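1. Sequence below, structure please.
(2 chains)
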Amino acid sequence: MGIDAKERRVHGIQRERIPTSDSTLIPEKGKRDIFSAWRISFFGAIGLLIFLTVFSPDPYARILRFLPDGIVKTFQVTVLSILLALVIGLLAGLGRISRVRLINRIATVYVEVIRGIPLLVQIFYIYYALGRIVKLPDIASAIIAMSICYGAYMGEIIRAGIQAIPKGQMEAALALGFSRGKAMRYIILPQTIKIILPPIGNEFIALLKDSSLVSILAISDLLRRGREFASRTFEYFETLTVVALVYLILTLFFSYLVGKMEERLNRDVR
Amino acid sequence: MSDKVKIRIEKATKIFAVYKRDAEIDERAARKTAKMEKSHLFALKDLNLTVNRGEVVLVIGPSGSGKSTLLRCINRLERLTSGDIFIDNLCVTDPKADIRKVREEVGIVFQSFNLFPHLTALRNIALAPIVVKGMEKEKAHEKGRALLKRVGLEDKENSFPVQLSGGQQQRVAIARALAMDPHVMLFDEPTSALDPEMIKEVLDVMLALAKEGMTMLVVSHEMGFAKAAAHRVVFMDEGEIIEQGPPDKIFNNAEYERTRRFLKHIL
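-> Coordinates of the predicted model:
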């Protein structure tokens, strides 16, 4: 209803499927030949990583041993940010469809402002702005910054998901005596979750990638660990090769999961 | 108001603003065009109607004549532009009226069923009593089972809407409305979305309901139902009631040319 084609493309809400995607390619059912792009990239990356560590343990094995701490940090930031972003997104999404003018305006302005500022700038800004008010651990500031930003995108997904539920559902609930809030909670949102799970999965992958930005905030995530290693050994090319491969393997693995999830939801849809 | 009267509609007028461009464009654009050009459409025009307790009234008329709008205004899914609607002594159209009370009093069945797809048939029926009335879950389910039996679907309590045929879905929808113990039932073209062989099973349920003395306002062109159950037929066109009377008289001996012309199309 309210989503225009551009927004749909950006946020992955695809009511009619369009053949472009800004995320990693998700393996589709029926296109499961051995040489699909996904397979080539995923197994290629794993193969290359194994090949490098086995045949050139110095420096690759050393690099790989150095990175796991960073992977854990990256996951920490990603998972906590996505959870917080979901909460913010739910508020923003509900706010965007609210009939109360003020709430609606606040939510809409939030979404517009956030989407108009580059993520890197926001992370810097929120990090230092927070620093002025409270002294938080670096990682907490980073998570808050990431989730405030992703909350806006999440809000749009949730709004679109709610608006994709046929109008008759709300009407039927109201006619049975439900209040708007209760109808939302018992009728609309449970149906929305099914629709928005795949786009949220895509956001998760996007966030996983963007979490590399927090490495500028003295948080030893995957990228920063790599840079720390390289600045000591000056093996920039080798280190970043491994870092890139690890990111690639992670995102491809998660896009596989999202694809599986989408497939299942499509199978028992409605 | 006399004891006999259940619903009283007085001078009901509903005006839709019609925008020159596609009406489904988003709100912001609509508001902009509203400033530029707006024409008015009377969905209901000074309409008066009373329905007595236990009466079954069939509303017929061409599409766009305001039949559905009339029903939707009675349980305030839409608001009248002016005029009043009373159910017993409760003024539905009063902005201060307790809207939940109105909606508990009035059940509605939609053309497109509008069952909740994520809930089983039984949960579809039991959810409103639990959430809205605070009924205990066990009790609500028991009631739900009784209602499913009443509409002949006692073996379908664990089926999801998608697993039911259109006729079965509509019967669940009727049971769902009945679960709130309404005193008035509104039917908005309950059989229009159904295949012919399923129409009868829904009409049978409605017929049984009528026999039990439920006050019913039915928008439908089912002549079989009209003859079997309707006490009165109301013919509407362009937001007005053109004429009304017993089914026999309207169908065979309509006073107005407009009514006769319309009936020729649907008979």
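2. show me the residues around B:P129 that make contact.
-> Under the criterion of CB atoms under 8 Å, 6 or more residues apart in numbering or on different chains, the contact list for B:P129 reads B:135, B:140, B:143, B:179-180. In this view, the C-beta of every residue, glycine as well, is placed from N, C-alpha and C.
3. element containing it, please.
-> When secondary structure is defined by DSSP states H and E, B:P129 falls within helix B:121-133.
4. So for that helix, what gets flagged as buried?
-> Along helix B:121-133, these residues count as buried under the neighbour rule (16 or more other CB atoms under 10 Å in any protein chain shown): B:121-132.
5. now swap in stretch B:47-65 and tell me
-> With the criterion 16+ other CB under 10 Å, stretch B:47-65 contains buried residues B:47, B:49-53, B:55-61, B:65.
6. thinking again about what came up before, report the distance from the helix holding B:P129 to the chain centre.
-> Here the centre of helix B:121-133 is set off from its chain's centre by 20 Å, with CA atoms, centre = their mean, to the nearest Å.
7. and the buried residues of stretch B:47-65 as JSON lines, adding distance to chain A and secondary structure?
-> Supplementary listing: the buried residues of stretch B:47-65 in JSON lines, determined by distance: CB to the nearest CB, whole Å; DSSP: H, G, I helix; E, B strand; the rest coil:
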{"residue": "B:L47", "distance to chain A": "21", "secondary structure": "strand"}
{"residue": "B:L49", "distance to chain A": "20", "secondary structure": "strand"}
{"residue": "B:T50", "distance to chain A": "22", "secondary structure": "strand"}
{"residue": "B:V51", "distance to chain A": "18", "secondary structure": "strand"}
{"residue": "B:N52", "distance to chain A": "23", "secondary structure": "strand"}
{"residue": "B:R53", "distance to chain A": "21", "secondary structure": "coil"}
{"residue": "B:E55", "distance to chain A": "21", "secondary structure": "coil"}
{"residue": "B:V56", "distance to chain A": "20", "secondary structure": "strand"}
{"residue": "B:V57", "distance to chain A": "19", "secondary structure": "strand"}
{"residue": "B:L58", "distance to chain A": "20", "secondary structure": "strand"}
{"residue": "B:V59", "distance to chain A": "18", "secondary structure": "strand"}
{"residue": "B:I60", "distance to chain A": "22", "secondary structure": "strand"}
{"residue": "B:G61", "distance to chain A": "22", "secondary structure": "coil"}
{"residue": "B:S65", "distance to chain A": "21", "secondary structure": "coil"}
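8. Just flag the most distant two among these.
-> The largest distance within these, taken as CB to CB, falls between B:R53 and B:S65 and amounts to 26.2 Å.
9. what does chain A put close to chain B?
-> Residues of chain A lying near chain B by CB under 8 Å from any CB of the partner chain: A:1-2, A:166, A:168-169, A:171-179, A:182, A:186-187, A:190-191, A:194, A:270.
10. buried subset of those residues?
-> Buried positions within the residues of chain A next to chain B, assessed by neighbour count (16+ other CB under 10 Å), are A:169, A:171-178, A:182, A:186-187, A:191, A:194.
11. quick one, strands of chain B?
-> Under the criterion DSSP state E, chain B carries strands at the ranges B:5-19, B:38-52, B:56-60, B:82-87, B:90-91, B:106-109, B:184-188, B:215-219, B:232-237, B:240-245.
12. which neighbours does the fifth one have in its sheet, and in what orientation?
-> Using DSSP bridges, the strands paired with strand B:90-91 are strand B:82-87 (antiparallel).
13. Any chance you could list what contacts the partner strand?
-> B:1, B:6-13, B:44, B:46-47, B:73-74, B:91-94, B:102, B:105-106, B:184.
14. List the buried residues in that strand.
-> Neighbour counts over strand B:82-87 (16+ other CB under 10 Å) mark B:83, B:85-87 as buried.
15. Would you mind giving these as a markdown table with pLDDT added?
-> A markdown table is the format used below for the buried residues of strand B:82-87 (pLDDT from 0 to 100):
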| residue | pLDDT |
| --- | --- |
| B:G83 | 87 |
| B:I85 | 90 |
| B:F86 | 89 |
| B:I87 | 88 |
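16. what residue ranges in the chain score low on pLDDT?
-> I'll assume chain A. Judged by pLDDT under 70, chain A has its weakly predicted residues at A:1-35, A:267-270.
17. My question was about chain B, not that one.
-> Low-confidence regions of chain B, defined here as pLDDT under 70, cover residues B:1-3, B:17-39.
18. for the longest helix seen in it, packing partners?
-> Scanning chain B for the helix with the most residues, using DSSP state H, yields helix B:196-211. When contacts are defined as 3 or more CB pairs under 8 Å, 6 or more residues apart in numbering or on different chains; DSSP states H and E, helix B:196-211 sits against helix B:166-178, strand B:215-219, helix B:223-229.
19. Please repeat the previous calculation with a cut-off of 10 Å.
-> Of the remaining helices and strands, those touching helix B:196-211 by 3 or more CB pairs under 10 Å, 6 or more residues apart in numbering or on different chains; DSSP states H and E are strand B:56-60, strand B:106-109, helix B:137-150, helix B:166-178, strand B:184-188, strand B:215-219, helix B:223-229.
20. what number of residues lie near the residue of the stretch 151-267 of chain B found nearest chain A?
-> As assessed by CB to the nearest CB, chain A sits closest to B:V162 within the stretch 151-267 of chain B, at 4.9 Å. Neighbouring residues of B:V162 were enumerated by other CB atoms under 10 Å in any protein chain shown; the total is 11.
21. Wait, a helix at A:G47?
-> Yes - looking at A:G47 with DSSP: H, G, I helix; E, B strand; the rest coil, it is inside a helix.
22. what does the stretch 1-150 of chain B put close to chain A?
-> B:24-28, B:72, B:75-78, B:99-119, B:124, B:127-133 (CB under 10 Å from any CB of the partner chain).
23. Pull the number of nearby residues for A:I50.
-> Taking other CB under 10 Å as the criterion, the count of residues near A:I50 is 11.
24. residue contacts, it?
-> A:I50 makes contacts with A:Y60, as judged by CB atoms under 10 Å, 6 or more residues apart in numbering or on different chains.
25. Alpha carbons of the strand or helix carrying it, in PDB - could you do that?
-> Under DSSP H and E, the secondary-structure element containing A:I50 is helix A:37-55. Taking only C-alpha atoms (Å, rounded to 0.1, in the frame of the first residue of the first chain), the coordinates of helix A:37-55 have been written out as PDB:
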ATOM      1  CA  ALA A  37      27.300 -18.200  -7.400                       C
ATOM      2  CA  TRP A  38      26.600 -18.900  -3.700                       C
ATOM      3  CA  ARG A  39      28.400 -22.200  -3.700                       C
ATOM      4  CA  ILE A  40      31.400 -20.900  -5.600                       C
ATOM      5  CA  SER A  41      31.800 -18.000  -3.200                       C
ATOM      6  CA  PHE A  42      31.100 -20.000   0.000                       C
ATOM      7  CA  PHE A  43      33.100 -23.100  -0.600                       C
ATOM      8  CA  GLY A  44      35.700 -21.100  -2.600                       C
ATOM      9  CA  ALA A  45      36.300 -18.900   0.400                       C
ATOM     10  CA  ILE A  46      36.500 -21.800   2.800                       C
ATOM     11  CA  GLY A  47      38.800 -23.700   0.400                       C
ATOM     12  CA  LEU A  48      41.100 -20.700  -0.100                       C
ATOM     13  CA  LEU A  49      41.300 -20.200   3.600                       C
ATOM     14  CA  ILE A  50      42.200 -23.800   4.300                       C
ATOM     15  CA  PHE A  51      44.600 -23.800   1.400                       C
ATOM     16  CA  LEU A  52      46.400 -20.700   2.600                       C
ATOM     17  CA  THR A  53      46.700 -22.000   6.200                       C
ATOM     18  CA  VAL A  54      47.900 -25.400   5.200                       C
ATOM     19  CA  PHE A  55      50.400 -24.400   2.500                       C
END
